[in-house]
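Sequence and predicted structure are below.
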Amino acid sequence: KLPLTVTRMTGRTCGACGVEACGMPIKGGKGETAYGMGSGQVFRLAVAVVAVFCSPATGARVALAPLSQQSAPPSPSPITFNASMGSSMVLQSAPARACVYGLLGDGGTGATVAVGGTGTSAYKVQADITQGGWKACLQPTAVGGDVTITAVCTGCTNSTPAVIEHVTFGDVWYCGGQSNMALPLLHSFTRNATVDAIRAGKYTNIRIHGIEGNMNPFQPWVTLKQALATSPALRSGTTDDKFTALLGGAPPCDPAVDSDCSALMGFSAACYYFGESLSDSLANSSAGPAPPIGLINTAFGGSTIEQWLSNDTLATCKFAGESSSNQEWHDTRVLPYIDMTLKGFTWYQGENDMHGVMGNSAAKTGYSCMMQALVQQWRALWSATPNTTSSTAPFGITTLATSGGEGATGLQMGAMRQAQTAGYGVLPNPGMPNTFLAQVYDADDEWISMNGGGPCMDHGYNQSSPAYHCCGYMANASLCPAEWAKRCTNMCASYAGTKEYMGGLHPRSKRIVGRRLADAAFNTVYGGTAAYSGPVLSGCTLSSSSLTVEFNATTLRGGTVVLQPYAAPDFTPYFHGHGNPAFHSGSQLYVQTVASSFCTEVLRVNRSNSTSDVYCPTWAGGVGMSSTRPAPDGRFPSFGGSGATTTSDPTQFNEGWINLPIAAGPTPTSITVDLAPLKGAVPTAVRYAWGNVDCCDLTDPDIYSVHGCIANCPVMGSSGLPANPFIAKIAASKCECVAPQVCSE
């Protein structure tokens, strides 16, 4: 018996064949498993795979070795649908043409696909055949319907047709990324409200599907009520079910009494809440009711962006990470879906690239280049068949919360968020048109993770005090200060009620992520007229006593800039969510007074030498290797992350940042920075929310008792969306951003 999946068959495109291995299981006949090879290139494997090669003469892609001795040959296999398809699925509605595809049966030479049911007239389509695979693109179909699709093989020894039922048409969204996209609903604070809403009859238009990953089980297409009525143990057909353990339940799991063990709880929280919030927005709009929404989760925890791109594409970006696993998820999690017509994509990733080069798309360097390339490559792959997925299909990106820094300093986090916009500071932009963005730097775990530190626990960051834990986990609760023990009741309850996953790296506040992403999609893709972004820097004006920062009125769409109250900066021995000690609260706006120290990202002259001198590349606002400085002490890059002036050397690259107070500006779309604390020094650069951002006011006596801390940063739009982080030089009394971003208005 073959294994359920082949995780990876090859790491590179086969030049002679012109196809790539996908490793996607296809529903096959008895005693076999088939694997898709991309763009309709498919092979049935009735024997074990031992090697992969390409024959220029035949185009073959696999070398095969026989199974153990068989007493009889397997039964002839019938025609099948690809495992990415199934009953209860959502196919993309008109004006696009949705496609269905799969594997021919033994002896098959052709295939005919019949479509019938409510919401469509009955018709047939002759499928295209390529190397044992079939693909048929259907007529553009209106939203809705209850459709049966039947694939019949011509010439198959086994003439059994393949059938999928209760198919409907709507919008299909593909969700990719790493662990914060993969994080299951089980680990979301709002999961119980979600279950209650579904059981009450809401969100009947949403259907889900997902490929197996290291944090999510394989999820065949189901409605949400079906997902609630299915347990991972039942789905896998075993009593020793790894997915039940993954989801925190003890097998056997009874979905009738424990919703936390349902299949729904294994699905991506961020992907689901995007669909839920988008459904709410569409239902409440004049265009309502909301159409069927199909959500596909392919995320894989711990993955890098390099794994989601082809090696050929990676070669176009300097400083891409080098690993034997590059292209892995491109082959096994992207290519199996490229024949499925989509409405668009959402992407939530970056943590495992935090120690790489963030770069600049204009210079074709680092993550910035790769992010832009991923958008372009996915659109090209999915739109290869005319009139299916649009060549400019909408693409949504979620930036990282501070807890996603993986130990990197704040400067890297600032550069990462900039790189996630390809260096423009906002989406959409000229380099990434028809994209949208959810900023979540202010949306770390609302109640502070047990592994991340906070006022309810001390993990020893402050070496003068012993470690304690007010909730009694991992450390001695008796050492918890009495004041905090009383204030931590709700915080401790949040941990007991919603288990964390690997600490603060994965904030459990996922509904706000999905809602912000959906709001941006609704107001860019679906014709909404509200702001799709928080305030975006458009320029600044320097006077002798103040700096006026102006924000783009167009992106605010008639809205204004709103300043939320903030407390004075407070340096603490713990960090909200995850990471090293840092400043909390404050305005989050800093200025620099030494022009030669400006740099958005510092690199080593010799990247393989930890003691090498450092320099500021021209694409990061510096002069390149013509000006180098000794590497700072400690972990590189270890400078300027917190904005601390007591330990910051203003002569070093990107140090010397000074926190300043802000107030409402002279226009509804501006703020004013008070320069009095500089005592006559002239600012040469300004930044806001750049890096490790923690806006929690720890002087608030109700924090972590009456309420948690989320969406608390000072500069917001009247829409409720946070300002986009920014960094800019100040020259001739005006702001000057690093290209390709423009902020000289």
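Looks like it arrived, so ask away.

so for stretch 569-580, what's the average pLDDT?
Stretch 569-580 carries an average pLDDT of 50.

now the strands for the stretch 1-150 of the chain?
Assignment of strands within the stretch 1-150 of the chain using DSSP state E, counting those that start in this stretch yields the ranges 24-26, 33-36, 42-45, 48-52, 62-65, 80-81, 90-92, 99-103, 110-118, 123-126, 128-130, 133-137, 144-154.

Flag whichever of these has the least confidence on average.
strand 48-52 (a mean of 30).

can you pull the pLDDT of A644?
Confidence for A644, expressed as pLDDT, is 37.

try A256
pLDDT, A256: 46.

Give me the residue ranges of the stretch 351-500 of the chain where confidence is low.
Applying pLDDT under 70 to the stretch 351-500 of the chain flags the ranges 407, 409, 449-455, 457-469, 472-477, 484.

And the pLDDT at the closest residue to V90 other than its chain neighbours?
Leaving aside its chain neighbours, V90 sits nearest to G294 (2.9 Å; criterion: CB to CB, 6 or more residues apart in numbering). Glycine gets a C-beta too; all of them are placed from N, C-alpha and C. You'll see G294 listed with a pLDDT of 98.

same check, this time on L4
L4 carries a pLDDT score of 33 in this model.

what helix or strand does the residue nearest to V90 sit in?
Using DSSP states H and E, the element containing G294 is strand 293-297.

helices or strands up against the next helix-or-strand element following that strand?
Going down the chain from strand 293-297, the next helix or strand is helix 311-314, by DSSP H and E. Counting contacts by 3 or more CB pairs under 8 Å, 6 or more residues apart in numbering; DSSP states H and E, helix 311-314 is packed against helix 366-382.

and the helix it packs on, which residues are buried?
Within helix 366-382, the residues that count as buried by 16 or more other CB atoms under 10 Å are 366-379, 381-382.

now stretch 387-406
Residues of stretch 387-406 classed as buried: 388-390, 393-406 (neighbour count, 16+ other CB under 10 Å).

same check, this time on stretch 661-671
Buried, per 16+ other CB under 10 Å, within stretch 661-671: P661, I662, G665, T669, S670, I671.

buried stuff in stretch 187-203?
For stretch 187-203, a neighbour-count test (16+ other CB under 10 Å) marks H187, S188, F189, T190, R191, T194, V195, I198, K202, Y203 as buried.

Which residue is the nearest non-sequential neighbour of S545?
L675 (5.7 Å).

wait, isn't T204 in contact with K225?
Yes - counting by CB atoms under 8 Å, T204 touches K225, with 7.5 Å between them.

about what we covered before: neighbours of the residue nearest to S545, just the number please.
Look at L675: counted by other CB atoms under 10 Å, it has 21 neighbours.

mind checking how far it is from N724?
23 Å (CB to CB, to the nearest Å).

From the rest of the structure, what touches whichever helix or strand T548 is part of?
Assigned by DSSP H and E, T548 falls within strand 546-551. Contacts with strand 546-551, where a contact means CB atoms under 8 Å, 6 or more residues apart in numbering, come from 535-541, 561, 589, 591, 665-667, 669-675, 683, 686, 688, 723, 730, 735, 745.

Can you flag which of those belong to strands?
Judged by DSSP state E, strands contain the following of the contacts of strand 546-551: 537-541, 561, 589, 591, 670-674, 686, 688, 730, 735.

Pull out the buried residues from these.
537-541, 561, 589, 591, 670-673, 686, 688, 730, 735.

Which of the helices or strands spans R417?
Short version, using DSSP H and E: R417 is in helix 410-419.

Run through the neighbouring helices and strands of that helix.
helix 366-382.

let's see 6 Å
Using 3 or more CB pairs under 6 Å, 6 or more residues apart in numbering; DSSP states H and E, no helix or strand is in contact with helix 410-419.

give the contact list for S277.
For S277, the contact set (CB atoms under 6 Å, 6 or more residues apart in numbering) comprises G514, R515, A518.

Just give me the closest of these to Y526.
For the contacts of S277, the closest approach to Y526 (CB to CB) belongs to A518, at 9.6 Å.

Let me know how buried the residue lying closest to T684 once chain neighbours are set aside is, in neighbour terms.
In space, and not counting its chain neighbours, T684 is closest to A595: 4.0 Å by CB to CB, 6+ apart. A595 has 13 neighbours, counted by other CB under 10 Å.

Please shift the residue numbers so they start at 44 in all later answers.
With the count now opening at 44, the last piece we talked about shows up as A638.

Can you get me a residue count around G129?
Other residues near G129 come to 18 when the count uses other CB under 10 Å.

Could you find the closest non-adjacent residue to A436?
G387 (4.9 Å).

Please verify my assumption that the one you found contacts P437.
Yes - G387 lies in contact with P437 (CB atoms under 6 Å); the separation is 3.5 Å.

In three-state terms, label D743 for me.
At D743 the chain is in coil, as set by DSSP: H, G, I helix; E, B strand; the rest coil.

Reduced to three states, what does the residue nearest to it when sequence neighbours are not counted come out as?
Computed as CB to CB, 6+ apart, the closest residue to D743 that is not its neighbour in sequence is A610, at 7.5 Å. What three-state DSSP gives for A610 is coil.

Which residues are in contact with A610?
S628, D740, T742.

Buried subset of those residues as a PyMOL selection?
To isolate the buried members of the contacts of A610 in PyMOL, using 16+ other CB under 10 Å:
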select buried, resi 628+740
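
right, and out of the contacts of A610, which lies closest to E208?
E208 lies nearest to D740 out of the contacts of A610, by CB to CB, at 54.7 Å.

Surely the closest one is in contact with D613?
No - assessed by CB under 6 Å, D740 is found out of contact with D613, at 8.2 Å.

which neighbours do these two share?
S628.

Could you measure from the spatially closest residue to C531 that is not a sequence neighbour over to D613?
Counting by CB to CB, 6+ apart, C531 lies nearest to C499, which is 4.0 Å off, once chain neighbours are set aside. Distance, C499 to D613, by CB to CB: 16 Å.

Looking at those two, which one has more neighbours?
Using other CB under 10 Å, the more surrounded residue of C499 and D613 is C499, with 26 against 15.

so that one makes contact with T532?
No - with contact defined as CB under 6 Å, C499 and T532 do not form a contacting pair (9.7 Å).

residue contacts, Y609?
Contacts for Y609 (CB under 6 Å, 6+ apart) come out as S628, S630, P757.

could those residues go into JSON lines alongside pLDDT, secondary structure and distance to D692?
As requested, the contacts of Y609 are exported to JSON lines (pLDDT from 0 to 100; DSSP: H, G, I helix; E, B strand; the rest coil; distance: CB to CB, whole Å):
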{"residue": "S628", "pLDDT": "85", "secondary structure": "coil", "distance to D692": "24"}
{"residue": "S630", "pLDDT": "95", "secondary structure": "coil", "distance to D692": "23"}
{"residue": "P757", "pLDDT": "97", "secondary structure": "coil", "distance to D692": "27"}
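
What segments of the stretch 444-593 of the chain are strands?
Under the criterion DSSP E, counting those that start in this stretch, the stretch 444-593 of the chain carries strands at the ranges 478-481, 500-501, 511-512, 580-585, 589-594.

Just name the most buried of these.
Among the strands of the stretch 444-593 of the chain, strand 478-481 has the highest mean neighbour count (mean count of other CB atoms under 10 Å), at a mean of 27.

mind checking how far N235 is from P204?
Look at N235 and P204: by CB to CB, they are 42 Å apart.

Leaving out sequence neighbours, find the closest residue to R730.
Spatial nearest neighbour of R730, excluding adjacent residues (CB to CB, 6+ apart): I770 at 4.0 Å.
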